[in-house]
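Trainee: Okay, structure incoming, though there's no sequence with it:
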């Protein structure tokens, strides 16, 4: 009976650790070199970003109305979307922009795209946030 209890306890410990390791996202050190500029290095702390847009807290806080960053993990990529919004004193959005980072999990290749600014006051379509104004290539490594 003690052996059986020991096996159950050890299997529970191992399964919970495996679950924690599977869901922990890394911090990435990324380097890009925009045209005619020096290399720039920055960190993407994937564990600190929203990873489930259906989350109750996400909806309760109405995160989509503010600047926020989300991450989606697939088998081969991390897709990070940084939604930037600038508001006036009354809380009305003056303009918005989206920066998207797509990182290949196998090679570390990075494709960074920046949308044009979106101005809702002049009745621009929000679809402008899904257009591409600039694309920059780079690399990322786990920190």
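Mentor: Received, thanks. Since the structure is predicted, the reported quantities are computational estimates derived from the model, not experimental observations.
Trainee: and residue 40, what is it in contact with?
Mentor: 31, 32, 33, 34 (Cβ atoms under 8 Å, 6 or more residues apart in numbering). Bear in mind the C-beta positions are built from the backbone N, C-alpha and C, glycine included.
Trainee: what about the strands in the chain?
Mentor: 27-32, 40-45, 68-73, 77-87, 93-104, 109-114, 134-142 (DSSP state E).
Trainee: helices or strands up against the fourth one?
Mentor: Using 3 or more Cβ pairs under 8 Å, 6 or more residues apart in numbering; DSSP states H and E as the contact definition, the elements that strand 77-87 packs against are strand 68-73, strand 93-104.
Trainee: any idea of the angle the last one forms with strand 109-114?
Mentor: When you say that, I think you mean strand 93-104. Put simply, strand 93-104 runs at 170 degrees to strand 109-114, going by axes from the mean of the first three to the mean of the last three Cα atoms, to 10 degrees.
Trainee: Now do strand 93-104 against strand 134-142, angle only.
Mentor: Using the same axes, to 10 degrees: strand 93-104 against strand 134-142 is 50 degrees.
Trainee: How far does strand 93-104 sit from its chain's centre?
Mentor: 10 Å (Cα atoms, centre = their mean, to the nearest Å).
Trainee: could you say what helices and strands it packs with?
Mentor: Using 3+ Cβ pairs under 8 Å, 6+ apart: strand 93-104 touches strand 27-32, strand 77-87, strand 109-114.
Trainee: re earlier: could you identify the buried members of the contacts of residue 40?
Mentor: residue 32 (16 or more other Cβ atoms under 10 Å).
Trainee: Can you add pLDDT and distance to residue 74 and give the contacts of residue 40 back as JSON lines?
Mentor: Formatted as JSON lines, the contacts of residue 40 follow (pLDDT from 0 to 100; distance: Cβ to Cβ, whole Å):
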{"residue": "31", "pLDDT": "96", "distance to residue 74": "23"}
{"residue": "32", "pLDDT": "94", "distance to residue 74": "22"}
{"residue": "33", "pLDDT": "88", "distance to residue 74": "26"}
{"residue": "34", "pLDDT": "85", "distance to residue 74": "26"}
